[in-house]
Each structure stands twice: as C-alpha cells, then as structure tokens.
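Engineer: I'd like to go over a predicted model; first the sequence, then the structure.
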There are 4 protein chains.
Amino acid sequence: MNESGRVEAFSDGVFAIAITLLILDVKTPSQDSGKSLAYQLAHLWPQYDAYVVSFLVIGIMWANHHQVFSFVARVDRTLVFLNLLLLMGVSALPWATSVVSSYLTQPKEARLAVALYGGFMVVHALTFTTLWWWLTRTGHLFDARVDEVRAKATRVRFALGTVVYPILVGFSFVNALLTLALHGVVAIYYAFNQLHVPTRPDTDSAAE
Amino acid sequence: MNESGRVEAFSDGVFAIAITLLILDVKTPSQDSGKSLAYQLAHLWPQYDAYVVSFLVIGIMWANHHQVFSFVARVDRTLVFLNLLLLMGVSALPWATSVVSSYLTQPKEARLAVALYGGFMVVHALTFTTLWWWLTRTGHLFDARVDEVRAKATRVRFALGTVVYPILVGFSFVNALLTLALHGVVAIYYAFNQLHVPTRPDTDSAAE
Amino acid sequence: MNESGRVEAFSDGVFAIAITLLILDVKTPSQDSGKSLAYQLAHLWPQYDAYVVSFLVIGIMWANHHQVFSFVARVDRTLVFLNLLLLMGVSALPWATSVVSSYLTQPKEARLAVALYGGFMVVHALTFTTLWWWLTRTGHLFDARVDEVRAKATRVRFALGTVVYPILVGFSFVNALLTLALHGVVAIYYAFNQLHVPTRPDTDSAAE
Amino acid sequence: MNESGRVEAFSDGVFAIAITLLILDVKTPSQDSGKSLAYQLAHLWPQYDAYVVSFLVIGIMWANHHQVFSFVARVDRTLVFLNLLLLMGVSALPWATSVVSSYLTQPKEARLAVALYGGFMVVHALTFTTLWWWLTRTGHLFDARVDEVRAKATRVRFALGTVVYPILVGFSFVNALLTLALHGVVAIYYAFNQLHVPTRPDTDSAAE
C-alpha cells in the first residue's frame, strides 16, 4: 500500500464510523414513557429527518473525498494535516445532528440548531477547498493522469460551490425545517454533479 | 485500489460497525436494580434473541453484498448512490433491533415492533434488488467474468426472493416472537442459498 | 482483493471496533457524585482491570485469527458462516466485560459474572476449533504453503488447548478476581505460544 | 496483503474508531435543562477544547505510527504485542478526554484531570519508544530501504523527545487549561517535525 492508500483507508474508517454512529442519536421508544409504541414512533420524526439528511451528507462527503483522493499518489505532511482537520469536522457531524434533532420541534431554538449544522457544512467546504488548493498548488502529489494546469483553473469554480452553505446558514433563521431539507437536496445534487478532476487527454479517466 | 475497491472497503466498514454496535443494545445488569445478577441475566432473553437474529441478518447481508461486489469492476455515481441508500438501511438496523428487544415481552406492542423490523428488511430487499437491476442494466460495470445476458435473466428470480419479507411483516401481527425467529431462519437459509452471479463458461468463478 | 481478503478485512473491522468499544464501559467520574475526582479514580479499579484483561484477550484473539487466515486463500459459505459465529462471540465480549466490571466488588455476584465471562471464552474456543477443523477437513481452502496432512494432525492438540477455559469457568466460583487475572495471563501466554500452521518444507513461512 | 499490512489495517481501524468516538463525549444540549440552546452551547467550551486537542493528538499519533510502519515489512510476535499495548493506550484516550472535559471548569480538580491525561501521553511515548527500540534492535523487520545502523543511532534522540510529556504532567498542577492547550501545540509541532526514519542513500524515501 502506498502512502496515499493508508491515508485513504484511515479516512474511510472515520467516514464509515461517523456515518454509522448517526443511528445512536435516534432514541429508542421506551415502555417507561407511558405512551404507546405507535405514538412514540410517530413523534420521532425530527430524529428520522436528521438521520436521513446527515447520512446523505456524510455519504456524499465521502464520495467527493474518495473522488479527489483517487487522483492523489503521494501525501505530504501538510496534506495529512489538512485531511485531519477535514475529518475533525466530519466526526463532529453526529453531534450537530443530535442538536438538530433535539430542537427541531421548538420553532425558535430550531433556527439556531440548523444554523449551527450549516456552520459545520461551511467549515467542511472551507477545509475541502483548502485541501484542493494545496493539491493544485503543489501539483506533484497528483498521479500522472491529472492535468495540473487545468486542475489549477478549477480552483475558483471549486470555491464558488462553497457559497451555498453560508446562504443556508442565513436561511436557517427563516425556516429551519425547510433548510434542513435543503441540506439533503444539496447533498443529492452534489452526488450527481461532482466537480471533475481534469485529466490529460491521453490517460484513462478511471474516476468517471 | 480501483474505484470499486474503495466502495467495498467503505461498505465493509459500515457493515462491521453496524454489526458490532448491536451489543450496545444489550443492557448491562446493574446492582442498583435490587435484583440478583442471575435473575437479571435470565430476564434479558429478549435482548439476546434480538442480538443473535440481527447479527446473523447483518452478517448475511454483508456476505451477499460482498458476493455481488466481487463481480463489480467499476462504479458510477448511480451505483455509489444506491449503495449509500442500502447502507442507510443497514445502519438503522441496530435501532430497529433495540425497538424489538425493548417491546418483545409486551405481546401487543411486540407485533408492531417486529413488523417495523420486517419493514427494514423489505426496504433492504428493495434497494438491493434496485442495485442489482442497475448493475445488470448498465452491464459495463461488471468485470469480464460475468455473463451479462444471463445476469439480466436473474432479475425476476432475484426480485421474487424479496417477497418473503412482506409476508413476514404480515405474520408479525400473528406471532411476533415466532416471526423474529423466522427472520433468523431466513438469514441462515440465504447464507447457504445465495443467488449465483452467472459467469461465462470460460472464466474462473472466483466467488463460488 | 481476493475472496479471503475481504473476509479478513470485515473481521479486522469487527475486532477493531469490539476492542475499541471496551473503553465505553469505563465510567467517567462525575462532579454530581459529591466525591473527589481522586477518590472516584481510585475506586474505578474493577473497570480498569476488566478493560486491560479484555483488551489483551480480544487482541490475542485477533492475532490468532490473523495467523490462521494468512494461510487461507479461498473461502466457502460454511467458512463465512463459521467466521460469522466466531465474530458474534467476539462482539459480545464488551458486554460480558461490563457485567464483570459492574459486579467485581461484590464477592458473591462476582463469581457468576466471571464465570459468564469464561463461558464466552469457551464458546470462542469451540467456534475457533470448529473453524480449524473445517479448514483442515476441506483442505482446498488453504493456500499452497500449507502441509494439509500435518495440519490435520494438529486438530487434537488444537482442541486440547481449549480445555483451559472450562477449568477457568469452574475456578471462577473459587476466586473471581484471581480468575479474571488468569484470563489475562492465558492471553499473554497464547500471544507468544500460538499453534504453528504446518507448512511444506519447500515454502516460505511468511507468518512466522 | 503481507503480515505487516494486516497489522497496519487493524491499527488503522483502532485509531479511526478511537478518534471518532471522541465526539460521543461532547454532550448534546437538552430541552429539559431549562436553559436556552445558545446558553448551553456557549457553556460546552471545555468539551469542545478537549475534543479538538484529543482529535489532533490521536491524529498525529496515527500519522507517526503510519510513518514508522510504512518501513516495516515483517512483524514478529513481540512487535504485535507491543503494538497491542500501544493501541490499548490510544483506545483509552477518549476516556481520559471525557475526564478532562468533565472537570475543566473546576480549577482544583482540573489539575488532576489534565495530569491524568498527560499520564496517558507518557505511557504512549514509552510504548512507542519501546516499539522503536525493538524494531532497531531486531533490524530484520524493516524493509530494504532502511539504514539499520543509522536507525539504531536515532534511539536516544527518539527517547529524548518523550521528556516533554512528564514535564507537561508536572505543569498540569500549575495551570490545567494552559497545559491542555500545550498538548495541542505539541501535537501540531510533531505533525510537522517527525523523526525521520534513516534510509539508505540509494533507495527511494517514499515516506517523506
């Protein structure tokens, strides 16, 4: 396994654990509550909502991370460090998710909760953009397929994509529930419209 | 590692974590309960039951996922997305399991709990079938060993297999405890009677 | 990755998660208890004990599993199923550990708790022995280095090694605390005295 | 996968799980507390602090472990055992972190909590140094790139680096909060100033 391979394996582990821990925040109905199981299941909808959105969000984060790293052949210490910061944000998402699901039924507090959630998305977008800038700036960390000149040219477009999250933070204060749903929609949009890593015309684009 | 390899590694991680988290739902007897350890251990049987059945269920789900993906050479975005939906259901099973073990001793509520559990199995069967249809429809994602024409012909049989879970959902309302046991039996049956991925006569069937 | 590789990767995941979940059973001292941090830390010794012993036990189980599977080239459905049963026991050890650490200070109940713990070791030894018998019986699952005839001859010695755990179960009722310590000692013993997988004289013994 | 590869994979799993479990110690604000969400979020700062520092600490531990093992081609039983002891300390860090975050607002108790945390760092430094001594002493476990003679010469410098942690343990009793911050600073320092594994002049230094 080359250097880049073990960074990917470690990152995959963190993504897989963070995404699976989400379920721990969905409460189990309890006989002690004095309410019927059906009633309790029906009233857990904020937790289902938050679970589904966060699962999609972390899943797409993983897919994007995966796509970029499939073109990375070597890692330096800065890249390892930037990747660590990125994973720190990903790992914190189950906590942000549980804040959202705890307050989604309280109209006033829900705004702050969803804005906090959006804040984590902003941080993720910033670290991912920084990581991409570092890769395009150093150049020699990419594998041979990548067209470094054209990759550098994607920087601005890549950064522009991150504008959507600050807007969602602001929109949280208008409608928290709708904003949460929009986070899910944005995740699905990015699943099918990832930024392409530009490759040389004479190489195989294995990551398509 | 090729594309398909990293999707498998991520999926393996999610399966491994979900299956290991099941034990967190088995309560630890406590001195504060005022009852003897032996008494408490004996009365935890619904939790042992649910643990064993769900461990087998997730384990066999992994084995089937593993068998299909061992024939997948390439992934596209739709496959990554379908796989993510599949993992979302798998990750939620520890929660469904804890609902079952919490209500198994209450005859009336147990029916709904086991039906809910069966509902997750129906969802899993549907996403797995959809994933298989996508693979056989696109064809080019398979590796060279797979006989695409004969693979397409397995679709109906594959979908028929999923009929058993809706029946178990219905049967939950007749006998919850027996239905839970049947989920375990079906899992063991599928462990030894997986659908074969049809291979060309001139290639090695490595997954047999 | 060949078939055997992905079974190993999944098993590694389960072992790694089970061993890391052990720490969740060590309670965090709390300000609400009205006792000093130093006092609380000192009185958590049963939890430290159980943590250290179980960490060693699962670690050595992993090392043994790893050694055997490094000689396995192919898996069949029976092997996958036996491996799943083995992992079910491994995954349950954090629960058995928490039962032990909850009752270690109560002389009477501690006996049953440590016997229960030993019971899980007996089950693990039995499934591991069965898995080894299956491997030596089928023969064709091993890779080319293994001397199948001599491997078959190790069966009895392999099974004899499992006699130690039933004895420890019995000894739990004499001295629970000492028996727990003995589980740690046995684990360390097996770490340095694993059964060798017999290899052909003309092949490299990579697993030594 | 060679022997060393599977030890790395298992270790990666444990590191990835330990680092992701850290978030479970950050409490979710609750409606039942009778305080506003904003107030509760603001008063969770000890938990954020401890989370960020421990995430960096475990992340850098992983990076160092990774760097050393990228030069290891073979493992013997002693190395597997030393690695297990090292992972035992890493897995316990989420617990030490939760002790710190529970007591950081109590000036007196915080000293002991941070000293305890530092104690785990001392243990980690000692096991990592022992593991390095074993590797340089046996020599034949390294891959061909490593200059064994010069590697042996790094032992003293390597051990000297571990002096910083006992100092931090002592300093905990002067200023707990500052000491916790220093743990973060030391982690970042080590991220960019790892000890080099000396390689032969005629080989590729893949780990640079």
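Structural biologist: Thanks, I have the structure now.

Engineer: tell me, how many residues neighbour residue A:173?
Structural biologist: A count of nearby residues for residue A:173, using other CB atoms under 10 Å in any protein chain shown, gives 12. Heads up, the C-betas are built off the backbone N, CA and C, glycines and all.

Engineer: actually, residue A:45.
Structural biologist: Burial of residue A:45 is recorded as 12 neighbouring residues (other CB under 10 Å).

Engineer: my guess is residue A:83 meets residue A:11, correct?
Structural biologist: Yes: in this structure residue A:83 lies within contact range of residue A:11 using CB atoms under 8 Å: 6.4 Å.

Engineer: so for the two, which sits in the more crowded spot?
Structural biologist: A side-by-side neighbour count of residue A:83 and residue A:11, using other CB under 10 Å, places residue A:83 first with 25 against 22.

Engineer: ok, that one to residue A:127 distance?
Structural biologist: In this view, residue A:83 and residue A:127 are 9 Å apart by CB to CB, to the nearest Å.

Engineer: next: residue A:75.
Structural biologist: 16 Å.

Engineer: looking at the two, which one has more neighbours?
Structural biologist: Taking residue A:75 and residue A:127 together and counting by other CB under 10 Å, residue A:75 has the greater number of neighbours (23 against 19).

Engineer: which ones are touching the more buried one?
Structural biologist: Contacts of residue A:75 were listed using CB atoms under 8 Å, 6 or more residues apart in numbering or on different chains, and they are A:3, A:4, A:7, A:83, A:141.

Engineer: a markdown table for those residues, including secondary structure?
Structural biologist: A markdown table is the format used below for the contacts of residue A:75 (DSSP: H, G, I helix; E, B strand; the rest coil):
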| residue | secondary structure |
| --- | --- |
| A:3 | helix |
| A:4 | helix |
| A:7 | helix |
| A:83 | helix |
| A:141 | coil |
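
Engineer: most surrounded residue in those?
Structural biologist: Going by other CB under 10 Å, residue A:83 tops the contacts of residue A:75 with 25 neighbours.

Engineer: on the three-state scheme, residue A:120 is what?
Structural biologist: When the structure is split into helix, strand and coil by three-state DSSP, residue A:120 lands in helix.

Engineer: who's in contact with it?
Structural biologist: Contacts of residue A:120 by CB under 8 Å, 6+ apart are A:89, A:92, A:93, A:96.

Engineer: grab the nearest non-local neighbour of it.
Structural biologist: residue A:96 (4.9 Å; CB to CB, 6 or more residues apart in numbering or on different chains).

Engineer: tell me which element the closest residue to chain B within chain A falls in.
Structural biologist: Here chain A gets closest to chain B at one residue, residue A:16, 3.1 Å apart by CB to the nearest CB. In this assignment (DSSP states H and E), residue A:16 forms part of helix A:3-21.

Engineer: quick one: the closest residue in space to residue A:148 that isn't next to it in sequence and residue A:72, what's the gap?
Structural biologist: Excluding the flanking residues, the one nearest residue A:148 by CB to CB, 6+ apart is residue A:139, at 4.5 Å. Relative to residue A:72, residue A:139 is positioned 11 Å away (CB to CB).

Engineer: so which of those two has more stuff around it?
Structural biologist: Per other CB under 10 Å, whichever of residue A:139 and residue A:72 has more neighbours is residue A:72, with 22 against 12.

Engineer: beta-bridge partners for the more buried one, please?
Structural biologist: Bridge pairing for residue A:72 (DSSP bridges) gives the partners residue A:142.

Engineer: chain A: helices as residue ranges?
Structural biologist: Assignment of helices within chain A using DSSP state H yields the ranges A:3-21, A:37-42, A:45-69, A:77-103, A:107-138, A:148-153, A:155-160, A:164-172, A:176-192.

Engineer: and those helices as a markdown table, adding distance to residue C:201 and mean pLDDT?
Structural biologist: Shown next, in a markdown table, are the helices of chain A (distance: least, CB to CB, whole Å; pLDDT from 0 to 100):
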| stretch | distance to residue C:201 | mean pLDDT |
| --- | --- | --- |
| helix A:3-21 | 35 | 90 |
| helix A:37-42 | 64 | 93 |
| helix A:45-69 | 44 | 92 |
| helix A:77-103 | 45 | 94 |
| helix A:107-138 | 51 | 92 |
| helix A:148-153 | 53 | 77 |
| helix A:155-160 | 59 | 74 |
| helix A:164-172 | 64 | 93 |
| helix A:176-192 | 55 | 92 |
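
Engineer: what does stretch A:152-168 rub up against?
Structural biologist: Contacting residues not belonging to stretch A:152-168 are listed as A:118, A:121-122, A:125-126, A:128-129, A:132-133, A:136-137, A:179, A:182-183, A:186, A:195, A:198 [CB under 8 Å, 6+ apart].

Engineer: quick one: distance of that stretch to the chain centre.
Structural biologist: Counting by CA atoms, centre = their mean, to the nearest Å, stretch A:152-168 is centred 14 Å from the centre of its parent chain.

Engineer: perfect, that will be all.
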